[in-house]
Structure formats: C-alpha cells, structure tokens
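Visitor: Turn this into a model:
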Amino acid sequence: MKPIRRIRDEEGIPVSPARVLRAYAERCFPMADQRDGQIFWIRPAERAVIICEDFRIPRSLQKLRKKNKFRFTTDVAFRAVVESCADRRETWICRDIEDLFGQLHGLGFAHSVEAWDPSGKLVGGVYGLSIGGVFAGESMFHLEPGASKLCIVALVEHLINLGYGTLDCQQQTPHMQRFGARMISDENYSTLLSSQAAPLEWHAKTFPTD
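Guide: Model prediction:
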C-alpha cells in the first residue's frame, strides 16, 4: 500500500482536510506562492461576496448563454478542473492544496462546475468548498471565451436551488463585481457563516439546457 504523504504548512504544522475545514470556519483560507510552494494562511480584513438573491447576469453574458454553446455539469471532473485552474504561469494552487481539495471532494465538501464543448472537451470550470450555507469559490479557468463566466452562472443557480445563501469570492474582480459581488468586513462575514443554514446535499449532475 502506498504510504499517505503528510502535508505541512510553511510553519511545519500538519495540514489535513479537517484542519482546512476548521480554517475556513475561522474565516481563513490556504494559499501558496508557486506550484511547488508551501501552504500559508490568509484571513482578509475584507472580502468580496455575492449574496445569492442579489446575483445578476450581465446582458452580454445573457446573449452568450442563449446560444447554448456549452453543456454544464457538476462534480463530473473535479480533479481536472483544479489541475486546469493551477495550469498557469503564476498560481497560488500548490500541489498540496490540490491534494487536499481532492480529498475534500472525496469527503463531499469540495465541488466543481464544468463546461463542455459539443465535442465533449472540458473548456471551463470553477471549484470551491462548502461551509454551511456559504460556498467559497476558489478558482476558475476557461479555454473558450465566456466558459468560466457561464460556469459562475450555473454555479450560483445551483447554489440557490440547494439553499445556499452566499458565494464567497474572496477577492473582488471586475468580473465578480458585474455579477453583484460586494466587499464586506471580516466581522460581517463571520455573521454570514454563523447565520446561514446548511444546504441540501450536493450530487453530481448534468444541468438542463435552456
């Protein structure tokens, strides 16, 4: 049997899936400086969130969505999504983070949404972690224009159907702001985590097309 590789952060403290979940519950998340780097922890004073009931789809994206260029699924290719998100010149997704989220996916806490082209090629995706009624979006990628943005749309609609209240975007970007993301304090984020009820169980599925 292959021995389990022990993961440690930059301070030498062991990091398990359980520790990652505790960290998120305490409003922290892991990052690294490079693909082969070590984990360190971030707890921002402010972060960007999308309150699901305030989510909006930009008009240009609505037009692209109506073309039905992509097929969307969830939890069908989780590891491929994480690997594709990390496959860039500069990345905060080190191999330890990739490994931990793979384990969290197996435990039912980490999830992905995938976009596929008509030939069956994976062309976009987003993944994140479920923390009660909050879903912490981690990263996304695209190989076709608009694929990752439409994955966000599919993700939020799926979150709403399951009973989630908030998508944690962590950092504000122009794209997320167009979807309705706004900055909140760490104190207000703590209130969100403690006040939103756990959603329905997440199952792998294919989304119906419009």
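
Visitor: Look up how far Ala136 lies from Ala115.
Guide: Ala115 is 20 Å from Ala136, where distance means Cβ to Cβ, to the nearest Å. C-beta here means a position set from N, CA and C on the backbone, and glycine is covered the same way.

Visitor: Neighbour count for these two, which is higher?
Guide: Comparing Ala115 with Ala136 by other Cβ atoms under 10 Å, the one with more neighbours is Ala115, at 29 against 20.

Visitor: In what element of secondary structure is Ser130 found?
Guide: Element membership of Ser130, judged by DSSP states H and E, is strand 122-131.

Visitor: Now that strand - C-alpha only, PDB.
Guide: Extracted C-alpha coordinates of strand 122-131, given in PDB (Å, rounded to 0.1, in the frame of the first residue of the first chain):
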ATOM      1  CA  LEU A 122     -13.600  20.300 -20.900                       C
ATOM      2  CA  VAL A 123     -13.400  24.100 -21.800                       C
ATOM      3  CA  GLY A 124     -14.100  25.800 -18.500                       C
ATOM      4  CA  GLY A 125     -14.700  25.200 -14.800                       C
ATOM      5  CA  VAL A 126     -14.900  26.600 -11.300                       C
ATOM      6  CA  TYR A 127     -14.400  24.800  -8.000                       C
ATOM      7  CA  GLY A 128     -14.800  25.600  -4.300                       C
ATOM      8  CA  LEU A 129     -15.600  24.500  -0.800                       C
ATOM      9  CA  SER A 130     -19.000  24.200   1.000                       C
ATOM     10  CA  ILE A 131     -19.000  25.800   4.500                       C
END
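
Visitor: what distance separates the helix or strand that comes right after it from the centre of its chain?
Guide: Next in sequence after strand 122-131, counting helices and strands by DSSP H and E, comes strand 134-142. In terms of Cα atoms, centre = their mean, to the nearest Å, the centre of strand 134-142 is set 2 Å apart from its chain centre.

Visitor: Is Met183 bridged to anything, and to what?
Guide: Ala48 (DSSP bridges).

Visitor: average pLDDT across the biggest helix by length in the chain?
Guide: Looking across the chain with DSSP state H, the single longest helix is helix 147-162. Mean per-residue pLDDT for helix 147-162: 95.

Visitor: Next, the angle strand 134-142 makes with the strand holding Ser130.
Guide: 160 degrees (axes from the mean of the first three to the mean of the last three Cα atoms, to 10 degrees).

Visitor: that older thread, got the buried residues for the longest helix of the chain?
Guide: 147-159, 162 (16 or more other Cβ atoms under 10 Å).

Visitor: So which of these is the closest to Lys67?
Guide: Leu150 (10.1 Å; Cβ to Cβ).

Visitor: Now do the closest one against Ile184, distance only.
Guide: In terms of Cβ to Cβ, Leu150 sits 26 Å off from Ile184.
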